[in-house]
Structure formats: C-alpha cells, structure tokens
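**Q** Need the 3D shape of this:
(3 chains)
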Amino acid sequence: MNQINSKIPEGPLAEKWANYKNHQKLVNPANKRRLDIIVVGTGLAGASAASSLGELGFNVLNFCIQDSPRRAHSIAAQGGINAAKNYQNDGDSVYRLFYDTIKGGDYRAREANVYRLAEVSNNIIDQCVAQGVPFAREYGGLLDNRSFGGAQVSRTFYARGQTGQQLLVGAYSALSRAIHKGQVKLYTRREMLDLVVIDGRARGIIVRNLVTGKVERYAAHAVVIATGGYGNTFFLSTNAMNSNGSAAWQCYKKGAYFANPCMTQIHPTCIPVHGEFQSKLTLMSESLRNDGRIWVPKKKEDAAAIRAGKLKPTDIKEEDRDYYLERRYPAFGNLVPRDVASRAAKERCDAGYGVGPTGYAVYLDFSDAIKRLGKSVIEEKYGNLFQMYQKIVDENPYETPMMIYPAIHYTMGGIWVDYELMTTIPGLFAIGEANFSDHGANRLGASALMQGLADGYFILPYTIQNYLADQIQVPRFDTNRPEFDEAEKGAEERISKLMNIKGKYPVDYFHKKLGHIMWEYVGMSRNAEGLKFALKEIKALKKEFWTDVRIPGTDETVNPELEKALRLADFFEIGELIALDALSREESCGGHFRTEYQTPDGEALRNDEKFSFVSCWEYQGEDKEPILHKEPLNYQFVVPQQRNYKS
Amino acid sequence: MDKNINIKLRIWRQKGPKEKGAFETYELENVYQGSSFLEMLDILNNKLICEGKEPVAFDHDCREGICGMCSLYINGHPHGPDEDVTTCQLHMRKFNDGDTITIEPWRSAGFPIIKDLMVDRSAFDKIIQAGGYVSVNTGGAPDANTIPIEKDKADAAMDAAACIGCGACVAACKNGSAMLFVAAKVSHLALLPQGRIEAAKRAKAMVAKMDELGFGNCTNTGACEIECPKNISITNIARLNREFLKAKFKD
Amino acid sequence: MSWLIKSSIGRKFIMSISGLFMILFLLFHMSMNLALVFSLEAYDKICELLGANWYAIIGTLVLAAGFAVHIIYAIMLTLQNRKARGKERYESSSKTPTQWSSKNMFILGLSILLFLILHLYQLWYNMQFKELIGDPTAVSKGSELVVGLFQNSWVVLVYLAAFVLLWFHLTHGFWSALHTIGWSNKVWLKRIKVIGNIFATLILIGFSIIPIYLHFAY
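**A** Numbering: from 1, shown residues only, chains lettered A, B, ... in the order given. Just a heads-up that it's a prediction; the model follows:
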C-alpha cells in the first residue's frame, strides 16, 4: 500500500466531476436494500450523508455521542456558508470560488477536490432553502449575502449569527425524516471505540453505549467517519467539550493514513483565557474585524500598567496606540487572513505589549466605528456578539475595547481520502472536518459548512456507490465473527486498563498539561527545537497518564471521566503526530508556521520545491515511528504564488 | 469587579433511572466569579475525584450556548438566574459570597433521569421525527431564489428556528408541556412557503406525538417563554393552535 | 371529532370555548342584575321573564352543561398535567416570574365553584328551581329575597371575595381562551391581555355594586 493513488479523474478541471459521475458504477434499487452503511457522527457531514444515503435506499446506521443528532458541534458555526451563486452580480463564479479556496489554503490542497467543492456549492444553497433553512433575505424577498475574509466578492449566505445551527437543523430534519421512514436507524449516546476490518475491508465498528457502559458491535458493508476534527488536543479550543479525534484515530491505527496533521487553524478573535479553570474558549465572529480596529499600547510601561489594573485602555492616548495590523499590512489592515492576524497578535504579546490580566490579549476597538456609524448601527450588526462578550467578560464593549486572543479553532488535517472520499482502507470513508481534503494549509471563513454539506449531500452518495457496486454479492456480516471478538476484546482491555490504574490525578489534570505543551511548542509558531522538546514531553506525560490517572466509579454506567480518559489517551498520540508532522514539514504555509522559515519581515515562507505534497502518515504500531508517504500536489491549473497582504 | 467567593452547593444525586435520589451538600471555597457555572462544577468534580468520591454527572457540550445540551435547574430557574442564557453561559458573578445554590435536573415525566443531573430528552427527537421537516429528498431542489420570501416572514421563521431543543420550556412548565418546543418548529416551517405545503399534516402529527409521549396540556402560564434562553415567543403557541384547529376542522 | 377529547389542543379548545361561553353569560347575568340598582320592579320583571319558561329552562340547561364541561375538563386537564409533571418535584420553588393567577386557575376555579353552590342554593334554588318543581314556597318576588339576603354583612363580604377571585380567574382566562383558539399574535397578544383585564375589572365592579348598594340602600 505504499503507492498513493488519489484516483483523480482525467480531463479538464471543470469536467472531472461530471466525467466521474457519468462513468462511475451505481447500485440498483433492489440491491441497495441489501447493503448496510454505518455513518459515525451527525454533524453537517454525518447527518447530510446519513439522510441522503437513506433516501437512496441503503440501510443506514447512524451514531452520535450526544443525546440528539442536533447537538453536533457544526451547530456552533456563526458566520455563514460560501457558494458561487453570483446573486450579487459581482463577478463570482465556480472558478473564482475554487481559486480563492486554493489560494486561501496556501496551495496545499488538491485542485480536483476543491473544484468539485466549488461546483456543488450552489446545490447546497438550493437544497437548504428547500428544507426550510431561514437564510437572511433582502426586502425584495431574495437571498442576502455578506463578505468574508480572503474573497473579493460577496458570496456568503447566512442566517443571523447562527448559520451553522440553521444548516444543522436542516440536515437534522432531513435525517429525522429518514429515521421516521425507517431508512436510517439512529444510535445516540454511543462512542466509537474501534473499527472492525475483515479481509482488509472496513466492515463494522465497536461502540460504547455511554448510558449503560456496554460495549456493542455493529456490522455493515461500508463505514463512514464524520466525527470532526482533533482541535481539542490543545485542551483549550473553540471546539465543544466532547469533540474528539478518537474515531479517526482508531481508523489510523487500523491502517488508514492520516494526512497533514500539523495543519491546525488558529482563529484570531476569541475571548482570552481568564484563569486555570477555564474549560473552553469562545469565538467572536470574524465579521467583527470589518469594523473593529486591533491595537496594543505602543509603550511597554503602559501595557504593564494596564495589566496591573492601574490604567484603563481608554486612558491610552491615540498617539500611544499601536495599530499593528494596519502598520504591518497597510493594504489589508485589520482584514488580513486568520493565520496572519493570529501570529501578529502573538508576536506583540510575546514582546511584552499584551494587555488583560494575563498579558495575553489585544484590543479590538469599536470606538472609531461607533463615532463614524453611530451606536445603533453597530448594535444592529453585532448586537448578539456584544451581548455574548458582556455575559462572559462582564465589560461593555460599546464603552471599553474588547479583549481578544487567538485560539485553536479548526483542523485542516485529517484522515487521508482519495477523490472518492475513501481512505486507504477499502470501504472506509471520511467526510467533513474528519478528512483532510479541501482546505490545504488554511481554511477560509464560511468554507467548513460548505465542505461538510458538499461531502454529505452531493459527493459521498455518488462515490460510495462506486465501491458498493462490487459488494452486492456480499451477505450481511455476523457480529459474532472473530474479527469482532478481537476488536471488542481490545476495547474492553483498554477500558479495564484505564479503570485499574487508580492513580492520583483526574483526567483534566493531564489534558491541561498536554494542552500547555501543544500550545507552547506546537501552536501558532513552531521550530525544530521546540517540536523535539514537545515530542519528548508528550511521551513523558503519556507515560505519567497511563500510570497515574484516576477514574472514579465503574465502567458499567454513565462515566464521563472514563469517556474523557479514552479520548485523552488518543489525544496524546495525535499530539505526537502533529508535532512529528510539523517537524518534518520544513517550511511555513497557512496555519503551519515554522520560525526558521520566514521572510525577513516575518511572513510565512513556503517551499514549493520540496514540500508541495500531502504528508500521509502510516501507523506502524505502539511507540513506533510512523512512515511518511507523500502525495505530490501537481498544480496543473493554477500557479502557486507567495501570498501578499502588504500592498 | 469579579472576586473569589465561597459557596455551598446542594446537588441532586441519583445513581440511575430507577434508584432513589437525594440531595448532597458540598462546599466550595475561592470560586472565581469570572468562571462559568459549569467550570465551577468542573472544579467540584475534580475535587470529588481527588477525594475518592464520584463526580456529579451533568450534560454539557459546546459551552457557548448553542448546542442545547446543558440542562440544570438552578435556584428555581431552568438555566439559572441570568436572563437569555443557557447554563453554560451563566457566570458565577450572578452569585454572592456565602450563597447556597440548589441544583436539580429537569423534572418532567417526558424527561426521565439517567443519572444525577442528566435527563433523557430523546422525546424531542421523536416529536421532530413525527413531522418536523419538509419532505424533500437530496437533489432536485429548484434554484434558491425561485420563490421570494417576505423579509418579515423569513425573520419570523428565523426567530422560531432559533430554538436549541434544550427543554427548558418543559422544565419550567408546571404542566410539563412541550408546546413551546413543538410550536417553534411548526411556526418555523409554516411561515416559509417551502414548509407551508405540509403545514396541516405536520401540526397534527407533531401534536399527536407530543401527546403520546406524555407531555402535559398548555395552560398559557408563559413560564416557558420567560425561561427560554433563545427568547422563543408564546405567540408561536397561538400559531400552532391555529394550525392544528384549522387542520382538524378541515378534516 | 374524537380529537376534542384525545388531543391536548382539542381539550384546551373545549376549555376555551366553554370558558368564553361563560364569559358571555357573566356579561348577561351582570346586565340583568344591575337592574336591582335602578329599580327593584324592573328586576322582578326580568325574573318573571326568566322563570319557568321553556326558553329559560333550555337556557339554564345549556348553561349548566357549559359549566359541567368546563369543570370536568378542568379536572381532567389538571390530573393529566400533574402526571406529566412527573413523580419527583423540584425542591426549590419556581422563581419564574409568571402571573400568579395563570398558575392557580384550578384553585381559583374550585373556589368559584364553591361560591357558585352557595349562590345557587341561596337564590336560584329558591327562585327558578322551586318554581320548576312546583314548590309553593317558591319566591315570586326575586328582589325581596335578594335585598333580604344582602342585609347580612357576612354574605356581602363572601360575595365580594368571590368576585375578586373571579377577577383573578378572568384576567388569565380571557386572553388565554383567545390564545388557545389561535386568536393571538405578536401584536394582538398584548391587546387581548389588556382587553381581558378591562373586562375582568368591569365584571368585578358591575357585580360588586349590587350587594354593596343593596346592603346600604335598604
């Protein structure tokens, strides 16, 4: 399996997907009824895939860890969803959406995949409107759009600040309909513990029932992983508390390649950390940077006085403020892409100009905008975000500038998939944030929702048939087969091993430590020395965890500590792989910034000559270094360029 | 300014659905008022684990007020004493030094307890499955701008669609009624031309399922609206009544 | 039409319609009785008109049926709602700032029912009922009976207390009934609440004048 075959169809870019669909194999309706598909996850990708596959006639088994499919973390997306509708007559097109996404991803994504994504983006909007998603509208009754970073056109569709929620409710309603019709069977409060592989093909999963604690077996002809990203490796992130990388990680351990793990996205506008008991970080929408100006004090003594509570931000005179983004990037100012804005904030804080009690915050100031537009306009545009900020921080952002700091938000890396969204294990598919495919080294705002729904509604339902067409003769699998026995035994051993450690510290103690290592050495800016140090530290911490964690209670009932421990055990390994990948990628691109590889004025320096490839990691066994395979990225249709936001 | 406070917690502990539960009292010192309510419970749980006791089980996930997973009845309010927030957005600055805080699970026949403060809200999924959707298959949808929708109507639909399915309405209702939840979904879809087509069928099916699952009869006390973290209006209930009665009289 | 019994909204619909019917009756009852304030003779004329005539009997039966339905459904709904609330109750009492009457409609209704029994015994039994069964002790001049009754201060106080309870019952009942039959939206919800309060207050004042006036005037 050393040869990487991405199965990109031949032909001109714009015809690849049509060609594929015209020539792929299909499964006839009578045979669909005989085929079972497991979908793990009920977010945008999982719910849309499960409902669409169910509608086609397959028997779908859908799993989620929450009590309801509607609670998947896709629900928290705020800003919007991109599509190349060109309703605004501003020159948008499928090609432009494709080009912006490739460029935004710093030329580390597959051209064919991204083009297909742009192509189906319009169908997504149509589908969602038909489902009753209440997108924002103009007075004339037609759909409204807003602008987002990294694009020169207005192509983002939105539903107030809750676009993710509305899209997920749409997918959830489609899923609910499929459940009602018996096309999909839903299993809630179930967490996938292992993948079952029979004769080299994915044939089932092992899950833990989070209510009864029982380990259960499910068989199918194909397995789809839609379990999101691994951002919680960093402990503090904008992810939900239960978001985790374990399902994907089990697939990796069973032989699926893991691609570009080091490509993690840091979002520049989050509410800063306030103390050691903080459990998660809250995002403030990217749209705030349209009207807010980012600054820190020009003088170190002013910054120190603010930190000590002796000065207020409003005491700092205009000439003593450093609007560092406007200073460094005159052309784009406060609207530079996420990775650039995040690094700039970190640079200022590390240099001692940070504000807030911890010194790890910068100001996002609306006073100019309020003076220019009036408070009521700002309130109408951002009222709900300002209210949310006030509830959390207890300061009024209309009167005093907001404090923000970057935080881990999204992971571009994930399970490697080919053009058909199939992993290196036949019959195992990965969709949404769980796969690596479309965002390269940096994801543009409003593209995650687009990708999740594209995969689930319009891509997987086609490509999975190309695989299943050969499986129609395969009878349903008995879950009493030895492969299931073995997988279940493995899962149970793992659980009992954790339960029996009976050490001193709770799971969070270790997770916070891991998060600290990851953030300090594998976070926004990385270097070889730090990464090597992190690898060593993670290994040591992992060992400490496996000897000193304490999980109370039993495994025969609801046990959130056990759930967390199982996930954390995988986060250690994911963290190691992120660091390893970051170490091997000796260039800076998108969300991956190596301090050794930067331009003289501190910008990311890509190395297309040596690193224009997807890093695909193959698992080799416990504590063995994985093997790196390279999938070359041959840019045939666009020419990679250095990104420039200065002029 | 936020400071550190000492608090006393009275928490409902119940090992399983069929076991008998009781209140346990815990004391916490030096809780930072800037931390969220759930972070305070994290601190308590880590303390309990270190003392060799079982931590308190409670549902939570996104911790930014949108997933609807958190569900605590705090000092006589679903989601606690702050306005327009879920439990995860409630902060300790709403409490004072020396306060006793009573934490209970959602209580309703429709939401049986799983453990401690966790309840089973799958009844809500069942109600949605009965008809809370527009019957369209993937693919074949017309262009999104084919049917213009009045902005007022789209906005009203969005107001109703903001429901996060947390169940605070049922928890607040002295009748254990799920009318606000059902009304929000029926309104959201009935206001849009895409959902209008099935409106009568949907209202009947969802109300029938709601009744079958043992939720109570609405008596318009309005408690649901007051406690709803997303400000869903009870005028949606009037719309549901209208839709339902219209459908039934037509039959 | 089994949905009127089987579905929650159907049951509430019956409750609303029967309630609205009684609201109309109250208005009618009050207008008739206010005659007492202006002229005892007029009142007696009305009593004669509404005595043991076929239309008065039918009216009484329909009214009684309306009351019965309202009461039976109230009991049914209350029992169902108690069950829906679950076996375990909250320990901390609800702090949700709802209207007091909205949460106590059953108790209010029950108290009004007790008053109604007293009221029926004191007046209707001696007037229409006895006339119906041909009892010779039936009172022919209603005004005498009423005026006599309200010379007792305690009776006046009990009646006034009952009117206050009725006021509470109506401040919620009026708008709630309209809301349940779907006659409400963002604009009208506020209006029907105000109209309901005005109506309840008119009923309170209108009915209260009678015992007070009769007590002090005779």
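**Q** what about the nearest residue to B:Thr25 once chain neighbours are set aside, which SS state?
**A** Counting by CB to CB, 6 or more residues apart in numbering or on different chains, B:Arg10 is the residue found nearest to B:Thr25 once chain neighbours are left out, at 5.4 Å. The C-beta positions use only the backbone N, C-alpha and C, and glycine is treated the same way. Following DSSP: H, G, I helix; E, B strand; the rest coil, B:Arg10 is assigned to strand.
**Q** hey, what's B:Arg10 bridged with?
**A** B:Thr25, B:Thr102 (DSSP bridges).
**Q** ok, it touching B:Ile103?
**A** Yes. Contact criterion CB atoms under 8 Å: B:Arg10 and B:Ile103 qualify, at 7.0 Å.
**Q** Residue of the stretch 101-250 of chain B closest to chain A, please.
**A** The minimum distance from the stretch 101-250 of chain B to chain A, using CB to the nearest CB, falls at B:Pro148 (2.7 Å).
**Q** and what of chain C?
**A** Of all residues in chain C, C:Lys186 sits closest to chain A, at 16.7 Å by CB to the nearest CB.
**Q** That residue: what's it in contact with?
**A** B:Ser233, B:Thr235 (CB atoms under 8 Å, 6 or more residues apart in numbering or on different chains).
**Q** which residues in chain C form strands?
**A** Under the criterion DSSP state E, chain C carries no strands.
**Q** Quick one: the helices in it, in order.
**A** C:3-6, C:8-38, C:40-49, C:54-85, C:100-103, C:105-119, C:130-132, C:142-149, C:153-180, C:186-217 (DSSP state H).
**Q** same question, the stretch 1-150 of chain B
**A** Applying DSSP state H, counting those that start in this stretch to the stretch 1-150 of chain B gives helices spanning B:37-50, B:122-129.
**Q** Can you tell me which of these is packed in deepest?
**A** Greatest average neighbour count among these goes to helix B:122-129 (a mean of 22), per mean count of other CB atoms under 10 Å in any protein chain shown.
**Q** So which elements touch that helix?
**A** In terms of contacts (3 or more CB pairs under 8 Å, 6 or more residues apart in numbering or on different chains; DSSP states H and E), helix B:122-129 is packed against helix A:163-180, helix B:179-190, helix B:199-212.
**Q** Same list (those) but as JSON lines, adding distance to chain C and mean neighbour count.
**A** Putting the helices and strands packed on helix B:122-129 into JSON lines (distance: least, CB to the nearest CB, whole Å; neighbours: other CB atoms under 10 Å in any protein chain shown) gives the following:
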{"stretch": "helix A:163-180", "distance to chain C": "20", "mean neighbour count": "27"}
{"stretch": "helix B:179-190", "distance to chain C": "8", "mean neighbour count": "28"}
{"stretch": "helix B:199-212", "distance to chain C": "5", "mean neighbour count": "21"}
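**Q** could those go into CSV alongside mean pLDDT?
**A** Below are those laid out as CSV (pLDDT from 0 to 100):
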stretch, mean pLDDT
helix A:163-180, 98
helix B:179-190, 98
helix B:199-212, 98
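**Q** How confident was the prediction at A:Gly161?
**A** Predicted confidence (pLDDT) for A:Gly161: 84.
**Q** How about it: what's its closest non-neighbour residue?
**A** Counting by CB to CB, 6+ apart, A:Gly161 lies nearest to A:Gln78, which is 4.8 Å off, once chain neighbours are set aside.
**Q** contacting residues around the residue nearest to the residue of the stretch 101-250 of chain B closest to chain A when sequence neighbours are not counted?
**A** Nearest residue to B:Pro148, sequence neighbours excluded (CB to CB, 6+ apart): A:Gly141, at 2.7 Å. Contact analysis of A:Gly141 by CB under 8 Å, 6+ apart lists B:Pro148, B:Ile149, B:Glu150, B:Lys151.
**Q** Could you pull up the contacting residues of the first one?
**A** Going back to what we said before, that points to B:Pro148. Each residue near B:Pro148 by CB under 8 Å, 6+ apart is listed here: A:Arg137, A:Gly140, A:Gly141, A:Leu142.
**Q** Please report the number of neighbouring residues for C:Leu113.
**A** 14 (other CB atoms under 10 Å in any protein chain shown).
**Q** Which residue would be the closest one in chain A to chain C?
**A** Going by CB to the nearest CB, chain C is nearest to A:Pro134 of chain A, at 16.7 Å.
**Q** Could you give the number of residues near that residue?
**A** Neighbour count for A:Pro134, taken as other CB under 10 Å: 30.
**Q** Columns pLDDT and distance to A:Lys536 on top of the contacts of B:Pro148, output as TSV?
**A** Output for the contacts of B:Pro148, formatted as TSV (pLDDT from 0 to 100; distance: CB to CB, whole Å):
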residue	pLDDT	distance to A:Lys536
A:Arg137	95	56
A:Gly140	96	62
A:Gly141	97	61
A:Leu142	97	58
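**Q** Cool, thanks, signing off.
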